[in-house]
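**Student:** sequence unavailable; structure follows:
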């Protein structure tokens, strides 16, 4: 390891140039591949995709994703009055979000 360190010190301009080239190559690869996140993967013409389309046409409100929000009390129970009030406020805020069909409180 000490031999590598000595070589890097002696050839510091080469080492810096190599690091800059590696960074430039990484940025070029990132720009060409992209990093756009997409959450709508649907393989065409598979039975599951066909079933999803049938469900969306038959039950437009129930079709789509379902999400679960997990709450945790810092201490004690989530049913404590202070925590229950915060959970009720969270449930009310989620209900007001666009395209939210149903919300069930964990306290119910």
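**Tutor:** Good, I have the coordinates. Being a predicted model, the structure only gives us computed values, none of them experimental.

**Student:** any low-confidence regions in this structure?
**Tutor:** 34-42, 61-64 (pLDDT under 70).

**Student:** which single helix of it contains the most residues?
**Tutor:** helix 12-33 (DSSP state H).

**Student:** following element in sequence after that helix, please.
**Tutor:** Next along the chain after helix 12-33, taking DSSP states H and E as the criterion, comes helix 47-58.

**Student:** may I see the buried residues of that following helix?
**Tutor:** Residues of helix 47-58 classed as buried: none (neighbour count, 16 or more other Cβ atoms under 10 Å). Bear in mind the C-beta positions are built from the backbone N, C-alpha and C, glycine included.

**Student:** can you list the residues that contact the helix or strand just after it?
**Tutor:** Later in the chain than helix 47-58, the nearest helix or strand by DSSP H and E is helix 81-95. Residues outside helix 81-95 that contact it (Cβ atoms under 8 Å, 6 or more residues apart in numbering): 69, 71, 73, 76, 77, 78, 100, 103, 105, 106, 107.

**Student:** the longest helix of the chain: how far from the chain's middle?
**Tutor:** 28 Å (Cα atoms, centre = their mean, to the nearest Å).
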